[in-house]
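Engineer: fold the following for me, if possible:
(2 chains)
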There are 2 protein chains.
Amino acid sequence: VWVPVPEGSDFTPANLPYGVVRDASGRRTAVARIGDHVVALADVLAGDDRSLFAHGSLDAFIAAGPARWREVRARLFEHLADGRNERPLTAISDVEPLLPFTVADYTDFYASIEHATNLGRILRPGSPPLLPNWRHLPVAYHGRAGTVAVSGTPVRRPCGLVPRGADVERAPTRMLDFELELGFVVGAASVPGRPVRPDDADRQVFGVVLLNDWSARDIQAFEYQPLGPFLGKSFLTSISPWIVPLGALAPFLTEPPPQEPEPDPFLRAHRPWALDLSLEVELCATIVTRPNARHLYWTFAQQLAHLTSNGAPVRSGDLFATGTVSDPYAAGSMIELTWRGERPLTLADGTTRTWLHDGDEVVLRGHAGDGPARVGFGEVRGGVVRAKLGAHEGTSGT
Amino acid sequence: VWVPVPEGSDFTPANLPYGVVRDASGRRTAVARIGDHVVALADVLAGDDRSLFAHGSLDAFIAAGPARWREVRARLFEHLADGRNERPLTAISDVEPLLPFTVADYTDFYASIEHATNLGRILRPGSPPLLPNWRHLPVAYHGRAGTVAVSGTPVRRPCGLVPRGADVERAPTRMLDFELELGFVVGAASVPGRPVRPDDADRQVFGVVLLNDWSARDIQAFEYQPLGPFLGKSFLTSISPWIVPLGALAPFLTEPPPQEPEPDPFLRAHRPWALDLSLEVELCATIVTRPNARHLYWTFAQQLAHLTSNGAPVRSGDLFATGTVSDPYAAGSMIELTWRGERPLTLADGTTRTWLHDGDEVVLRGHAGDGPARVGFGEVRGGVVRAKLGAHEGTSGT
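Structural biologist: The predicted model follows:
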């Protein structure tokens, strides 16, 4: 290709992830990223096809289904391989990445057996760490789609109701955490009443993002019985600006860990759906963990099958996430890394953390392959800003 | 007004609820309902204002905020009061009501103390029926927005994984239930980071629907720990085709029951936000329960304040529901009415039910006031159809 790609870039010609950016004039453009540049997708396509990217949105393209995804990708390759197309590129530094798609329903799973086991041990010591349902189905809950935001969005420390002695008081969370996750973007809608087979997952899933499911553990702990997490999660979920097409990740699909007991036929796959992706979390310039996603017990194909197994369809723009990616060697959240505060982490500057402090910055990264075959997500970045304490500060009237 | 309104109609001139209908030619139209007729909203407004209802959608109008809501309502009254506007009306029987708005996030609360207490007694006998958080905050979970559908949508009995002896097997639910609820449609979006005060609820909430949160109790019971209800709920949520404007319900706002302990200042209201609404459930031509919504412990104003108390904004099109409306005298779900199957209901035809059978029809109704002051929702109707049993029946390839 004629576009320069810096050494070590996540954004090689093997990747070409999609996103939406805003330029200095405020205009939104649907783009593909290569190296440190972006290419407007409407420039790559001829005539009517440009309407796929009308209003600078990827939504119509995401909904268009696998045949169009392959076709656009092929044209993008051709465009970038043909020297005659060379023209001034837009540098990534000249644009602002935006949320890359309109999120329909957001669902968060609990797919890592190491994460579920760790939390079981931490929260229910003395009981079996995995609940009876865990090995039979991919446990999940619905999250708040309206607070999914792009990397870089400030993480305002949320306030919430927590017990203090015999009382309950509203206070800024004292247990702010990150969760390292992958998110899957549904492209093609499924048909109501027709469960998706795991081995058909690539007909429905457009691509993958890296995701930080910020969590306020004290708010969550008080609120979550019996209906699950709510305000302890819904203040913010950050995703990468780049959706890596599932096709670009095909070389890194691999066998998932063995499942015992064998899952229900609706959840059985014959193709390998685990993703061999090296992930990492940087906290204040210190890499604090490096799990690999290939250890996840439940694959995204099984999650999709489960989501639709009661007849509910998935829609274009649905986002479903893995839950915290922990593996046998490395955990993907502070609650695990510090064992709920018992074992503080020491950072490069000598300070320690049990939970996130105001001013802390968390950066998630993830990639597969190396050199010209490298495919990655770039960064999901979030800096913690102090809570707003005043009662209804900023609302009209007071 | 010059439009005839049948005696006992929910759709008096005091109501004028909004909806979207499809006519015989397939065209979608945003309408208001009066008696057994609908009026196209674009016909009521002049010039540019008609674009509020472009593409037969209410979404732009719902998002426009309280000043426009009042203005359109005033024009609608004028239009219907002025005999010179008399023209052929569209009979409700000539159109098909559609889902009246695009659902953004759907959140379901657990606001009835009688419902929460009943479920605590049924599911955790011997323990305190209310969990420690219940009186401190309105417990809730996020539901699936993509499966909110209009009244009349068939209720396909869902299949799911449930324990059978030592095994877990996939089977049609044997514990299909209804839940009688009210749903609140957010109109004006709130500002991120600025919690909504309870007493400002009428600035944000556009109107109210009647809602049936269909539930598969066996699927829910196995899946829900620790992250809450998922597939046991997400197969279908039915709402009324008619959104009753909050303004039409203003005469029926009343004091909620006393709260002990006094809630956190963020949840305290000075205006009365309970709704004096008579509700009923008809099962196979038998009225099985008649609770009143005014007994709900947590008001919708408090729910809205809680939703936004962690900084999360609400968006136009967000739908938040009360959870099952039970009161001290009447329960709003089968699991309560039959005490989880222990006390079957006897229907008018002499048959009994512990859970819903294939072929059963459930109709919810709700209204306030009488005669020309009556304001109601019409019906939320759903008929149960048998499960699809085959593995991945209907998917391509098999």
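
Engineer: okay, CA-based contacts and neighbour counts for the rest of this
Structural biologist: Fine.

Engineer: you'd agree A:Leu279 is up against A:Val363?
Structural biologist: No: between A:Leu279 and A:Val363 there is no contact under C-alpha atoms under 8 Å: 10.7 Å.

Engineer: overlap in contacts of these two?
Structural biologist: Common contacts of A:Leu279 and A:Val363 (C-alpha atoms under 8 Å, 6 or more residues apart in numbering or on different chains): none found.

Engineer: spatially nearest residue to A:Arg340, not counting backbone neighbours?
Structural biologist: A:Ile122 (7.0 Å; C-alpha to C-alpha, 6 or more residues apart in numbering or on different chains).

Engineer: does the one you found belong to a helix, a strand or coil?
Structural biologist: helix (DSSP: H, G, I helix; E, B strand; the rest coil).

Engineer: so where do the strands sit in the stretch 151-300 of chain A?
Structural biologist: Applying DSSP state E, counting those that start in this stretch to the stretch 151-300 of chain A gives strands spanning A:155-156, A:159-164, A:167-172, A:176-177, A:180-186, A:205-212, A:215-216, A:237-239, A:244-245, A:253-254, A:274-275, A:278-283, A:286-289.

Engineer: next, format these as CSV and append mean neighbour count.
Structural biologist: As requested, the strands of the stretch 151-300 of chain A are arranged in CSV below (neighbours: other C-alpha atoms under 10 Å in any protein chain shown):
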stretch, mean neighbour count
strand A:155-156, 22
strand A:159-164, 20
strand A:167-172, 17
strand A:176-177, 22
strand A:180-186, 27
strand A:205-212, 28
strand A:215-216, 27
strand A:237-239, 26
strand A:244-245, 25
strand A:253-254, 15
strand A:274-275, 22
strand A:278-283, 21
strand A:286-289, 18
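
Engineer: out of the ones you listed, nearest to A:Gly350?
Structural biologist: In terms of C-alpha to C-alpha, the element of the strands of the stretch 151-300 of chain A nearest to A:Gly350 is strand A:286-289, at 10.3 Å.

Engineer: does chain B sit close to the helix or strand following that closest one?
Structural biologist: Using DSSP states H and E, the helix or strand that directly follows strand A:286-289 along the chain is helix A:300-308. Yes: using C-alpha under 8 Å from any C-alpha of the partner chain, we find that helix A:300-308 touches chain B at A:Leu307.

Engineer: ok, A:His55 - how many residues close by?
Structural biologist: A count of nearby residues for A:His55, using other C-alpha atoms under 10 Å in any protein chain shown, gives 12.

Engineer: which parts of the stretch 251-398 of chain A are helices?
Structural biologist: A:300-308, A:334-337 (DSSP state H, counting those that start in this stretch).

Engineer: quick check: mean pLDDT of the longest one?
Structural biologist: The one in question is helix A:300-308. Helix A:300-308 comes out with an average pLDDT of 98.

Engineer: do the same with stretch A:328-348
Structural biologist: Over the span of stretch A:328-348, the pLDDT mean works out to 97.

Engineer: what about it, how long is it end to end?
Structural biologist: 24 Å (C-alpha to C-alpha, to the nearest Å).

Engineer: contacts for that stretch, please.
Structural biologist: A:114-115, A:118-119, A:122, A:177-181, A:281, A:283-286, A:289-291, A:295, A:324-326, A:352-355.

Engineer: what about 7 Å?
Structural biologist: A:114, A:118, A:122, A:177-180, A:285-286, A:289-291, A:324-326, A:352-355 (C-alpha atoms under 7 Å, 6 or more residues apart in numbering or on different chains).

Engineer: show me which of those residues are buried.
Structural biologist: A:114, A:118, A:177-180, A:289-291, A:324-326, A:353-355 (16 or more other C-alpha atoms under 10 Å in any protein chain shown).

Engineer: quick check: the farthest pair among the residues you listed?
Structural biologist: A:Glu114 and A:Arg353 (22.0 Å).

Engineer: wait, isn't A:Arg50 in contact with A:Ala42?
Structural biologist: Yes: at 4.9 Å, A:Arg50 counts as touching A:Ala42 under the criterion of C-alpha atoms under 7 Å.

Engineer: just name the shakiest helix or strand of chain A by mean pLDDT.
Structural biologist: helix A:41-44 (a mean of 90; mean pLDDT, DSSP states H and E).

Engineer: quick check, distance from that helix to the centre of its chain.
Structural biologist: 26 Å (C-alpha atoms, centre = their mean, to the nearest Å).

Engineer: for it, packing partners?
Structural biologist: Contacts defined by 3 or more C-alpha pairs under 7 Å, 6 or more residues apart in numbering or on different chains; DSSP states H and E place helix A:41-44 against strand A:28-34, helix A:66-81.

Engineer: sorry, back to before: among the strands of the stretch 151-300 of chain A, which is nearest A:Ile62?
Structural biologist: strand A:205-212 (6.3 Å).

Engineer: paired strands for the closest one, with orientation please.
Structural biologist: With DSSP bridges as the test, strand A:205-212 is paired with strand A:180-186 (antiparallel), strand A:237-239 (antiparallel), strand A:244-245 (antiparallel).

Engineer: dump those to a markdown table, plus mean pLDDT.
Structural biologist: Formatted as a markdown table, the strands paired with strand A:205-212 follow (pLDDT from 0 to 100):
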| stretch | mean pLDDT |
| --- | --- |
| strand A:180-186 | 98 |
| strand A:237-239 | 98 |
| strand A:244-245 | 98 |
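
Engineer: out of those, flag the one nearest A:Pro263.
Structural biologist: Judging those by C-alpha to C-alpha, what sits closest to A:Pro263 is strand A:180-186, at 21.6 Å.

Engineer: ok and that closest one relative to helix A:300-308, angle-wise?
Structural biologist: Interaxial angle of strand A:180-186 relative to helix A:300-308 (axes from the mean of the first three to the mean of the last three C-alpha atoms, to 10 degrees): 60 degrees.

Engineer: neighbouring contacts of strand A:180-186?
Structural biologist: A:204-213, A:315-325, A:332-333, A:364.

Engineer: not counting its neighbours along the chain, what's nearest the residue nearest the centre of chain A?
Structural biologist: Centrality entry for chain A: nearest residue to the mean C-alpha point is A:Leu211, 2.5 Å, by C-alpha atoms, centre = their mean. What sits nearest to A:Leu211 in space, not counting adjacent residues and going by C-alpha to C-alpha, 6+ apart, is A:Ile239, at 4.4 Å.

Engineer: list the residues that contact the one you found.
Structural biologist: Going by C-alpha under 7 Å, 6+ apart, the list of residues near A:Ile239 reads A:Ala149, A:Val150, A:Ser151, A:Val209, A:Leu210, A:Leu211, A:Asn212, A:Val380.

Engineer: now pLDDT too, for these, in CSV please.
Structural biologist: Compiled in CSV, the contacts of A:Ile239 are given as follows (pLDDT from 0 to 100):
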residue, pLDDT
A:Ala149, 98
A:Val150, 98
A:Ser151, 98
A:Val209, 98
A:Leu210, 98
A:Leu211, 98
A:Asn212, 98
A:Val380, 98
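
Engineer: just the closest of those to A:Val72, please.
Structural biologist: A:Val209 (19.3 Å).

Engineer: what does chain A have sitting close to chain B?
Structural biologist: Residues of chain A found near chain B (C-alpha under 7 Å from any C-alpha of the partner chain) are A:105, A:133, A:139-147, A:158-160, A:194-195, A:197, A:222-223, A:226-231, A:234-235, A:266, A:310-312, A:391-395.

Engineer: so how do I select the buried members of the residues you listed in PyMOL?
Structural biologist: In PyMOL, this line selects whichever of those come out buried by 16+ other C-alpha under 10 Å:
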select buried, chain A and resi 105+133+139+140+141+142+143+144+145+146+147+158+159+160+194+195+197+222+223+226+227+228+229+230+231+234+235+266+310+311+312+392
